[in-house]
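> Next one to model:
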Amino acid sequence: MSGTSLDGLDIALCRFTGNGTNTQFELIQFTTIPYSHSFKSEVQSVFAKKTVDLEKLTLLNAFIGNYHGELVLEALSDWHITPSSVDFIASHGQTIYHAPKRLHKQIGYPNATLQIGDGDHLAVKTGILTISDFRQKHIAAGGEGAPLALYGDVLLGSRPGENRILLNIGGIANLTYLPADGDTSKVLCTDIGPGNTLIDAACRLHFGKDYDEDSKIANSGSVNESLLTALLNHAFFTEQAPKTTGPELFNLMYVDQAQKASGTENIPKEDLVSTLSTFTAVSIINFINTNIAAADLKIFVSGGGARNPFVIAELKNTFGRIADTNELGIEPDAKEAILFALLGNEALCGEPIGIGNNPKVLMGKFSFGV
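Down below sits the predicted model:
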């Protein structure tokens, strides 16, 4: 799994038994191999932009497939696991552009998304059957291609008698609501708004840091209420769920426009990071309070935002105790990689699962090693 935050490649080695509602899994090993600054820069040159160098995009598709294959082999070597003992790789790829109709507004064109990092290159590099490009089938069948956490969250995270929210705060924040009665028609899986993406972007631009470690910058500033109001003033937040979004919307241009609208262009940069951190928390709080009318909610959080003390404190102030997904037997940092491994397992031996109004499909394209 490689997310929009571009931290690195999450690699989870899993063992699955069964499929569908009978799925059981074991996390054997997990690692995140950080990306170099040069690699991040290469990806960022084509990431979430309407106009890019087409040759660079084409080259990166092959390059990332090979590169991810090298990182997989590196992890397997460190774990003393032979590639021939691995049944398959489930590869998310690297999202470059996410374009739901609500965002692109191009008449006659459908929902669309693009992940690069070619599965054939990964398969040939490792010699391991590779299942990739999961989001395309979801879109072809009428979905928006995200969040695909839905399927794994339902199969691994549901518990009769408990109303649960599985909240993932990555670059973008998304959640899955799992009702206590197990009625899948009530399940809701949706993007909420920005997770870490705006905080990280501001830290890179103004402080030369990839992220706000331990919320030191946010805690050193103050929340600017005028800017916060402007940030929340977007139609996305009132659109009906489920919905998807990405850095194509929530980027530094979005922040610049909000600062101009609120006359806050010259506030201290610490206040900016504090306000963006509050923006992430408040958008999550507002969504849950508006859309999920369930008693005794139990919230389990994963993703990089689970280690953001500022954001988590804001959520706890509203909802009380918040646990991470370790309590479900799912390591928070590994959760999304595990969920794509599960989608690979379903593609190999499962049956299409219908959940709510989501497409009833199996996802993934198969690439064979040589």
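
> residue boundaries of the helices in the stretch 151-300 of the chain?
Taking DSSP state H, counting those that start in this stretch, the helices of the stretch 151-300 of the chain run over residues 197-207, 216-220, 225-232, 252-262, 269-291.

> Among those, which comes closest to residue 346?
In terms of CB to CB, the element of the helices of the stretch 151-300 of the chain nearest to residue 346 is helix 269-291, at 27.2 Å. C-beta: built from backbone N, CA, C; applies to glycine.

> Rounded mean pLDDT for the closest one, please.
What helix 269-291 shows for mean pLDDT is 97.

> List the buried residues of it.
For helix 269-291, burial by neighbour count (16 or more other CB atoms under 10 Å) applies to 270-288.

> So residue 28, which state does it fall into?
strand (DSSP: H, G, I helix; E, B strand; the rest coil).

> residues making contact with the biggest helix by length in the chain?
Ordering each helix of the chain by length in residues (DSSP state H) puts helix 54-78 first. For helix 54-78, the surrounding residues in contact (CB atoms under 8 Å, 6 or more residues apart in numbering) are 2, 9, 11, 13, 29, 31, 33, 39, 42-43, 45-46, 82-83, 86, 89, 91, 93-94, 96, 116-126, 128.

> 7 Å - rerun?
By CB atoms under 7 Å, 6 or more residues apart in numbering, the residues outside helix 54-78 that reach it are 9, 11, 31, 33, 42-43, 45-46, 83, 89, 91, 94, 116-119, 121-122, 125-126.

> Restricted to strands, list the residues you listed.
In strands, defined here by DSSP state E, the members of these are 9, 11, 31, 33, 89, 91, 94, 116.

> By neighbours, which of the residues you listed wins?
Neighbour tally across these (other CB atoms under 10 Å): the maximum, 30 neighbours, falls on residue 91.

> just to revisit the earlier point, distance to residue 356 added to the helices of the stretch 151-300 of the chain, as JSON lines?
Below are the helices of the stretch 151-300 of the chain laid out as JSON lines (distance: least, CB to CB, whole Å):
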{"stretch": "helix 197-207", "distance to residue 356": "26"}
{"stretch": "helix 216-220", "distance to residue 356": "35"}
{"stretch": "helix 225-232", "distance to residue 356": "27"}
{"stretch": "helix 252-262", "distance to residue 356": "29"}
{"stretch": "helix 269-291", "distance to residue 356": "13"}
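
> out of those, which comes closest to residue 369?
Evaluated over the helices of the stretch 151-300 of the chain, closeness to residue 369 peaks at helix 197-207, with 34.3 Å, by CB to CB.

> I'd like to check the angle between the closest one and helix 269-291, please.
180 degrees (axes from the mean of the first three to the mean of the last three CA atoms, to 10 degrees).

> was I right about residue 359 contacting residue 145?
No. Here residue 359 lies out of contact with residue 145, judged by CB atoms under 7 Å, at a distance of 10.0 Å.

> hang on, the earlier thing: show me which positions of the longest helix of the chain end up buried.
Under the neighbour-count criterion of 16+ other CB under 10 Å, helix 54-78 has 60-61, 63-69, 71-72, 75-76 buried.

> Neighbours of residue 210, how many?
When counting by other CB under 10 Å, one arrives at 15 neighbours for residue 210.

> brain fart, residue 10
Residue 10 has 20 nearby residues by other CB under 10 Å.

> What of residue 80?
Neighbours of residue 80 under the rule other CB under 10 Å: 7.

> Quote the end-to-end distance of stretch 350-363.
One end of stretch 350-363 to the other measures 10 Å (CA to CA, to the nearest Å).

> make that stretch 230-237, sorry
One end of stretch 230-237 sits 12 Å from the other (CA to CA).

> Name the surrounding residues that touch it.
Here stretch 230-237 makes contact (CB under 7 Å, 6+ apart) with 193, 245, 249, 258, 261, 262, 279, 282, 283.

> Indicate which one of the helices of the stretch 151-300 of the chain is closest to residue 183.
Closest among the helices of the stretch 151-300 of the chain, once you apply CB to CB, is helix 269-291, at 16.3 Å.

> thinking again about what came up before, quick one: which of residue 359 and residue 145 has more around it?
Ranked by neighbour count (other CB under 10 Å), residue 359 and residue 145 place residue 145 first, with 23 against 16.

> wait, isn't that one in contact with residue 113?
Yes. Between residue 145 and residue 113 there is a contact under CB under 7 Å: 4.2 Å.
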